[in-house]
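**Q** The sequence and its predicted three-dimensional model are supplied below.
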Amino acid sequence: MAGGLAALLDDIAAIARAAAASVDDIAAAAAKASTKAVGVVVDDAAVTPQYVSGFTPDRELPVVWKIAKGSIINKVVFILPVIMLLSQFLPWLLTPLLMCGGLYLCFEGAEKLWESLSGHSGSKKAPAVIRGSDYEAAMVKGAITTDFILSAEIMVISLNEIAAENFWMRLVTLIIVAFAITALVYGVVGLIVKMDDVGLKLSQRPATKKLGEGLVKGMPIVLKVLSTVGIAAMLWVGGHILLVGINELGFTPIYDFVHHLEEAAAHAAGGFVGWLVNTFFSAVLGLIVGAVVVAVVHLLPFGKKHDEHADEPTQADAAEAIKAAHIEGPAAE
């Protein structure tokens, strides 16, 4: 009986070791899967705060929570089953699908860069003030719709990094990635939207006045830097996806050229410099391809319809109008 108990304990220990190894494998796979999605993650964190702008402080975090829940539903309920089925039964579709996502990232990055340089951001016209729960629902819906596209990119990029794993490993890894990245993005968004309130409270205390004022003044700079990094990351990630994709589909000259320069730089100055060379040329490719798509969508005759409403109020405009109304209302009374 003692021998049987010892054998049972040995079996339990073996199962525990196997489970621990599986956990380590899943954690490593999740880290690998999420690394390449960094560009989309930065963009998601940069884009989302505009949907929370304009709300009273007591509604900011609840709105972020609503968007975060919508993001999880996007990833786990809608996107995950589709990409898992594709990876299992039509794996050859993953590269074209990933390239479509890369093309979209290039377009988004180039469009934001064009808007920044040209000043055509679609926010010239002063909007009418919108109030009430309908506005909140509309902003949350808009944020979740935008998140769907970014979440699809995150999940497909992550899946591509673990495509060689078995079905259950891919499934569990992507579920972990979905929850971890959502928590990261919307945790950062929540911190960003409340930081000015924290700074304001700190500025009212003599001991922390300078720190509080620094936070209030610094947040617009942080958002601007985050937005700039997001644009660069989109061009880099999108360009790299296209660079690798066209090579896998059989057109090799561009990839071979960049890879040769990367290897030469790595040999001369180290692996990090080689990575920088690859990143630079990926971003250049992303910018060129994105600029072509922007020209098609915005500038060519058959793309002008896209800009018919460019001067109409945007969601960000409405948010700013509400913020102004909250500030000016009490003074008017």
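**A** That came in fine, so what should we check first? Numbers count the residues shown, from 1 in each chain.
**Q** going forward, measure contacts and count neighbours with C-alpha atoms only.
**A** Fine.
**Q** where does the chain have its least confident helix or strand?
**A** helix 315-332 (a mean of 47; mean pLDDT, DSSP states H and E).
**Q** Could you tell me how many residues sit around Gly250?
**A** Neighbours of Gly250 under the rule other CA atoms under 10 Å: 8.
**Q** Helix or strand: which one has it?
**A** Counting by DSSP states H and E, there is no helix or strand that carries Gly250.
**Q** so where is the stretch 201-333 of the chain shaky, pLDDT-wise?
**A** Residue ranges of the stretch 201-333 of the chain with pLDDT under 70: 300-333.
**Q** where along it do the helices fall?
**A** Ranges of helices within the stretch 201-333 of the chain are 209-248, 253-269, 271-294, 315-332, based on DSSP state H, counting those that start in this stretch.
**Q** Could you quantify the relative orientation of the third one and helix 209-248 as an angle?
**A** The one in question is helix 271-294. Here helix 271-294 points in a direction 80 degrees away from that of helix 209-248 (axes from the mean of the first three to the mean of the last three CA atoms, to 10 degrees).
**Q** could I have helix 271-294 exported to CSV, CA atoms only?
**A** Output of helix 271-294 as CSV, limited to C-alpha atoms (Å, rounded to 0.1, in the frame of the first residue of the first chain):
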residue,chain,number,x,y,z
GLY,A,271,22.7,42.6,-34.0
PHE,A,272,20.9,45.7,-32.7
VAL,A,273,22.2,47.8,-35.5
GLY,A,274,21.1,45.1,-37.9
TRP,A,275,17.6,45.2,-36.4
LEU,A,276,17.6,49.0,-36.8
VAL,A,277,18.4,48.6,-40.5
ASN,A,278,15.6,46.2,-41.0
THR,A,279,13.2,48.4,-39.0
PHE,A,280,14.2,51.5,-41.0
PHE,A,281,13.7,49.9,-44.4
SER,A,282,10.4,48.2,-43.2
ALA,A,283,9.2,51.7,-42.2
VAL,A,284,10.2,53.2,-45.5
LEU,A,285,8.4,50.4,-47.4
GLY,A,286,5.4,51.0,-45.1
LEU,A,287,5.4,54.7,-45.8
ILE,A,288,5.7,54.2,-49.6
VAL,A,289,2.9,51.7,-49.7
GLY,A,290,0.8,53.7,-47.2
ALA,A,291,1.2,56.9,-49.2
VAL,A,292,0.0,55.2,-52.4
VAL,A,293,-3.1,53.9,-50.6
VAL,A,294,-3.7,57.4,-49.1
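**Q** what does it contact?
**A** The contact list for helix 271-294, computed with CA atoms under 8 Å, 6 or more residues apart in numbering, reads 103-111, 232, 235-240, 242-243, 258-259, 261-267.
**Q** For Glu165, see how far away Ala110 is.
**A** Going from Ala110 to Glu165 by CA to CA, to the nearest Å gives 34 Å.
**Q** More neighbours: which of the two?
**A** Ala110 (26 against 13).
**Q** before we move on, which element is that one in?
**A** Per DSSP H and E: Ala110 is located in helix 94-118.
**Q** Report the mean confidence score over that helix.
**A** For helix 94-118, mean pLDDT rounds to 85.
**Q** residues in contact with it?
**A** Under the criterion CA under 8 Å, 6+ apart, residues 86-87, 120-121, 153, 156-157, 160, 230-232, 234-235, 237-242, 245, 248, 286-287, 289-291, 293-294 lie in contact with helix 94-118.
**Q** same deal with stretch 257-269?
**A** The contact list for stretch 257-269 (CA under 8 Å, 6+ apart) reads Gly271, Phe272, Val273, Gly274, Trp275, Val277, Asn278, Phe281.
**Q** Now stretch 184-202: buried residues?
**A** Residues of stretch 184-202 classed as buried by neighbour count (16 or more other CA atoms under 10 Å): Val185, Tyr186, Gly187, Val189, Gly190, Ile192, Val193, Met195, Asp196, Gly199, Leu200, Leu202.
**Q** actually stretch 145-163, sorry about that
**A** By 16+ other CA under 10 Å, the buried positions in stretch 145-163 come out as 145, 147-163.
**Q** In helices, which of those fall?
**A** Under the assignment DSSP state H, the buried residues of stretch 145-163 contribute 145, 147-161 to helices.
**Q** Out of these, which comes closest to Val216?
**A** Closest to Val216 out of those is Asp147 (27.3 Å), distances taken as CA to CA.
**Q** which non-adjacent residue is nearest the closest one?
**A** Computed as CA to CA, 6 or more residues apart in numbering, the closest residue to Asp147 that is not its neighbour in sequence is Ser71, at 6.2 Å.
**Q** hang on, the earlier thing: drop anything exposed from the contacts of stretch 257-269.
**A** For those, a burial check counting by 16+ other CA under 10 Å picks out Val273, Gly274, Val277, Asn278, Phe281.
**Q** Can you lay out these as CSV showing distance to Gly214?
**A** Below are those laid out as CSV (distance: CA to CA, whole Å):
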residue, distance to Gly214
Val273, 35
Gly274, 38
Val277, 36
Asn278, 37
Phe281, 37
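**Q** Pull the most distant pair out of the residues you listed.
**A** Farthest-apart pair in the buried ones among the contacts of stretch 257-269 is Val273 and Phe281; separation 12.5 Å (CA to CA).
**Q** Hey, what's the angle from the helix or strand encompassing Val140 to helix 94-118? Just curious.
**A** Element membership of Val140 [criterion: DSSP H and E] is helix 133-161. Angular relation of helix 133-161 and helix 94-118 on a 0 to 180 degree scale: 130 degrees, by the same axes, to 10 degrees.
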